[in-house]
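Peer 1: Give me the fold of what follows.
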Amino acid sequence: MSTKQGLDPNQGGDATKKTYNKQATGVAWETVQSHSAEHDLKLYGSCFCPFVHRVWISLEHKKLPYQYVEVDVYRKPKLLLDINPRGLVPALRHGDWGSYESTVLMEYLEDLNEGEPLLPKDPKLRANSRLWADHINRHIIPVFYRYLQAQEAQKQVEFAGELKEQIGKLVDAADAEGPFFFGKDMTFVDVQIAPWIVRLQKVLKPYRAWPDPEPGSRWEKWVRAVEENEAVKKTTSDDQLYLDSYERYAENRPNTSRVAEAVNSGKGLP
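Peer 2: Reported below is the predicted structural model:
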């Protein structure tokens, strides 16, 4: 229940505070509309969520037919709980089968063997993809949130340095020429990191003065390639949606999300 009628719990009873958006905007909204018809393959997502963004990019990259269903995860409708009892997005329903967790869902879409693959055919490169996807999930994403939620200047400096270090390890492991992780084509690792590349610019830059990539660097080449990728652009909303939706993280307000609570408690991401 909200503290005042009509307000979301994470607004803390203050109507002047921004809350999460409940509808995509801009190009992403056009994509939602073009995938609103009933379909056997359904993505249940929330427009602001980077974990949903991963699966959405994968679907667009593969050009698979699907239905996008916007879900208010803070109200946890039954259609979501029937797939994921924890009530978290993304969730995927394919016919009478459903599953969740963004990396698992990306792997499932690969196993359908439809559309343009994201995992290489070579077993060693596939293993390498999974290794660096794990690095993103274990070492980049948690510190992104620790940095965004930190309120003390000293902690912000500490987490900014840690985030740069962990991104640097990923860049060092990438193909030297790029622009993507394995070379000229976007693959699994790129989609794993893409939503946070988008949010470095749209969230960390305005809220924490995150710097632009160094001109001419390998990281800049990668960032620009991700930002200009068609599947990424088609699933990315206007800047204001991210500013509004992530204000609650930047202020580290109570009831922000399970991710925020896990970061504050020192636990792994849910």
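Peer 1: Surely residue 243 touches residue 201?
Peer 2: No - applying Cβ atoms under 8 Å as the test, residue 243 and residue 201 come out as separate, 11.4 Å apart. Heads up, the C-betas are built off the backbone N, CA and C, glycines and all.
Peer 1: the domain parsing of the chain - what is it?
Peer 2: 9-111, 123-265 (automatic domain parsing).
Peer 1: need the strands for the chain, in chain order.
Peer 2: For the chain, the strands defined by DSSP state E occupy 41-45, 67-70, 91-94, 97-100.
Peer 1: show me where the chain has helices.
Peer 2: Per DSSP state H, the chain carries helices over the ranges 26-34, 50-62, 78-81, 102-111, 123-135, 141-149, 153-173, 188-199, 205-208, 218-228, 230-234, 239-250, 258-265.
Peer 1: Which of those sits closest to residue 69?
Peer 2: Nearest of these to residue 69, taken as Cβ to Cβ: helix 78-81 at 7.6 Å.
Peer 1: Can you give me every residue that contacts residue 244?
Peer 2: 18, 19, 20, 21 (Cβ atoms under 8 Å, 6 or more residues apart in numbering).
Peer 1: ok so, going back, got a markdown table for the domains of the chain, with distance to residue 117 and mean pLDDT too?
Peer 2: Rendered in a markdown table, the data for the domains of the chain read as follows (distance: least, Cβ to Cβ, whole Å; pLDDT from 0 to 100):
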| stretch | distance to residue 117 | mean pLDDT |
| --- | --- | --- |
| domain 9-111 | 6 | 94 |
| domain 123-265 | 8 | 96 |
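Peer 1: For the residue most central in space within the chain, give its distance to residue 110.
Peer 2: The centroid of the chain falls nearest to residue 50 when counting by Cα atoms, centre = their mean (1.6 Å). Distance of residue 50 to residue 110, given as Cβ to Cβ, to the nearest Å: 20 Å.
Peer 1: again with residue 76
Peer 2: As judged by Cβ to Cβ, residue 76 and residue 110 stand 28 Å apart.
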